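>>> Sequence first, predicted coordinates after that:
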Amino acid sequence: MPGGRLTQQERRQIARGLADGLAYAEIARQLDRPTSTITREVTRNGGPADYRADAAHRSTEHRAHRRTKAASRDTRPAPQPHGRDADEVGAYEEALTTVLLASGAPLMMSRVLAALCISDTGSLTAGELSAHLKVSPASVSKAVAFLETQSMVRRQREGRRERYVIDDDIMHQSMMASARSTAQVAATAREGVPVLGADTAAGTRLENMARYLDFVSESMERAAEQARDILHTKPAPAREEENGSD
C-alpha cells in the first residue's frame, strides 16, 4: 500500500469520486490508500461539497512548508511520559481529531477534545491548550464553550485561571445529551401533527418521525445507563498470546 503524501493526480481522482457520489472507502480502494487518509484529506479541505483538488494541493504544500520552517527552528519533539513515542502520539492525536471532524464536530472543537482525551489528567488549562495546539486562547475558549453545550467538557476554577476537564463519564454524558436532543426533535415533530392534519401525508410523516425518534431516544438512554459501569471498570490486562514456549 503506498504511503507518503497524496499527489495532485490522486487529489483530482478524489474530486472525481466525490462528484460521482462515491463513498470515502470506495475512493480509498481505487487509490489503494487507507480510508482514513481520504477522510482526513476531504475534511481538511472543505468537505465533500466544497473539495477542490488543485486548491487542496496548494493548501497542503503551504502547510508542509510552514511545518518545515517550524521544525527548522525547533526539531525537538515535546517530551512524552511513560516512554511514549512522540511521533506516534502526534499521529494518533491527528487521527482522533479527523474522526471527530467526520462525526460533525467543528475543527477547533475536535482539536481541543482530542488534546484533552489523550492527556493523562483529562484536564488542561487554556494556556496549556493554546501552547499545545498553537492557537490563541480566544480560540480555545470558544471551542470549550461549544463543548460545554454538548456536555463534553466542564470548567474548573484554579485561582485566576480555568482548567478544562473531561470526566471519565464523558461518553455517558454525551450519549445522554444526544438522547435528550433526539427526544426534543421527536416532541417538536409531534407538535406539527395537529397543525398539518393527522390524516394528511405530512401529518402522518411527522407522527412516524416522532414515534421513531422516541424509540431511538429511549433506547439510547436505557443502553447508556446499562453500560455506564464500563466507564469505571479497569480493563483486564491483555492476555499474552505467546509465553515463549511451544
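Here it is on my side, so go on.
>>> contacts, neighbours, all on C-alpha from now
Will do.
>>> Quick one: name whatever helix or strand follows the helix or strand hosting residue 60.
If you go by DSSP states H and E, residue 60 is part of helix 53-73. Per DSSP H and E, the first helix or strand lying C-terminal to helix 53-73 is helix 86-102.
>>> Go ahead and name everything in contact with that following helix.
Contact with helix 86-102 is made by 36, 39-40, 43, 77-80, 107, 110-111, 113-115, 118, as judged by Cα atoms under 8 Å, 6 or more residues apart in numbering.
>>> From the residues you listed, list the buried ones, please.
39-40, 43, 107, 110-111, 113-115 (16 or more other Cα atoms under 10 Å).
>>> Where is pLDDT lowest across the contacts of helix 86-102?
Among the contacts of helix 86-102, residue 77 carries the weakest pLDDT, at 59.
>>> Just want the phi and psi numbers for residue 150.
phi -100, psi 10 (degrees, to the nearest 10).
>>> just residue 20 next, same as before
According to degrees, to the nearest 10, residue 20 has phi -90, psi 0.
>>> ok so, going back, looking at the buried ones among the contacts of helix 86-102, which are in helices?
Mapping the buried ones among the contacts of helix 86-102 onto helices (DSSP state H) picks out 39-40, 43, 107, 110-111, 113-115.
>>> So which of those residues is the closest to residue 170?
residue 113 (10.5 Å; Cα to Cα).
>>> that older thread, for the buried ones among the contacts of helix 86-102, give me TSV that also has distance to residue 181.
Below are those laid out as TSV (distance: Cα to Cα, whole Å):
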residue	distance to residue 181
39	27
40	28
43	25
107	22
110	20
111	24
113	20
114	23
115	26
